[in-house]
Every structure is written in C-alpha cells, then in structure tokens.
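J.: For reference, the sequence and a predicted model appear below.
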Amino acid sequence: MNNAIKAMVGGLAGACALTLLHETARRLMPDAPRMDVLGMRSITKIMKKAGEEPPQNKEELHNWALAGDMLSNSLFYSLAGTGKDAWWRGAILGAAAGAGAVFLPGPLGLGEEPSNKTHKTQAMTIGYYLLGGMVAAAVGHALSSDED
C-alpha cells in the first residue's frame with residue numbers, strides 16, 4: 001500500500017472518530033457542539049446560491065451534512081500523512097480545524113451557537129477536531145511504522 005493510500009486511510013479514521021464523537025455527544029450533552037447543524041446550514045446556503053432547492057426533509061439534509069463532513073474531514077485529515085511526522089501534522093491540523101470551527105461560522109453567515117454556545121462548547125469543538133487529527137496521525141503512523 002503506498003503512502004497516499006495509507007494517509008487516506010488515516011484521514012478516514014480521523015473523520016470517523018470525529019463524527020462518532022460529535023454524533024454521540026450531541027445526544028448526551030446539551031452544550032455539545034452541533035457541527036451537524038452547521039453542515040445543514042452550509043448545504044442549504046450553497047444550494048440556494050446555486051439556484052437549487054435543498055432537501056426539505058430534515059433527516060435527509062442531516063444525512064447529506066454527515067456525508068459532506070465525512071468526505072471533507074477525511075480529505076483534510078489525510079494531510080497528516082504517514083510516518084513519525086504524522087503526529088505533529090495531525091496535531092496542527094486538528095487544532096486548526098477546531099479553531100476554524102469555532103471562529104469561522106459567524107463570519108460565514110452560518111451562526112455562532114452550534115460551536116460557540118458556551119466556553120465548554122468551544123473547548124469541546126477544538127478538542128474533538130484535535131482528537132480527529134490525532135487519530136489520523138496514529139493510523140497513518142501505524143500503517144507506515146514497518147517501513148520507518
């Protein structure tokens with residue numbers, strides 16, 4: 001398996017960990033980040049600007065948002081790559097994604113509450129994305145450790 005595929009596997013693992021954590025936490029904690037809500041708002045906004053009608057069924061729109069999150073986060077986290085340097089790249093990517101998830105939704109017109117509801121929500125948002133980056137790094141490193 002070449003390094004690009006290994007990095008993509010790591011990215012997918014990071015995205016799966018992030019999505020699983022978000023989806024579980026939102027069901028259990030009132031202050032949990034609601035990145036699914038930001039995803040649904042993003043899809044709606046983009047589709048309307050493109051002159052298309054977004055899904056009216058909330059469950060279908062939610063599924064689209066989860067699929068979009070999985071794809072985009074997999075690609076993003078795959079940048080952590082492989083080898084021993086995957087650790088610092090995963091940490092930087094995760095922290096940057098978390099900070100972006102806290103600070104960008106408001107200026108992008110998506111609302112601030114889903115990732116900024118409380119200080120606890122902000123900390124969880126950054127922590128979850130950091131965890132995703134570290135999972136991507138761990139998998140990328142593990143897949144390449146036999147070659148280092």
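T.: Looks like it arrived, so ask away.

J.: C-alpha from now on. contacts and neighbour counts both.
T.: Noted.

J.: Would you mind pulling the contact partners of the host helix or strand of Arg41?
T.: Using DSSP states H and E, Arg41 maps to helix 35-49. Contacts of helix 35-49 with the rest of the structure, by CA atoms under 8 Å, 6 or more residues apart in numbering, involve 22, 53-54, 61-62, 64-66, 68-69, 105, 110-111, 114-115.

J.: now swap in stretch 97-116 and tell me
T.: Contacts for stretch 97-116 (CA under 8 Å, 6+ apart): 33-35, 37-38, 41-42, 121-122, 125-130.

J.: Next, the buried residues of the lowest-mean-pLDDT helix or strand in the chain.
T.: Sorted by mean pLDDT, DSSP states H and E, the helices and strands of the chain end with helix 113-116, the least confident at a mean of 92. Judged by neighbour count (16 or more other CA atoms under 10 Å), helix 113-116 contains these buried residues: 113-116.

J.: Which SSE is immediately downstream of the helix holding Arg41?
T.: Toward the C-terminus, helix 35-49 is succeeded by helix 58-77 as the next helix or strand (DSSP H and E).
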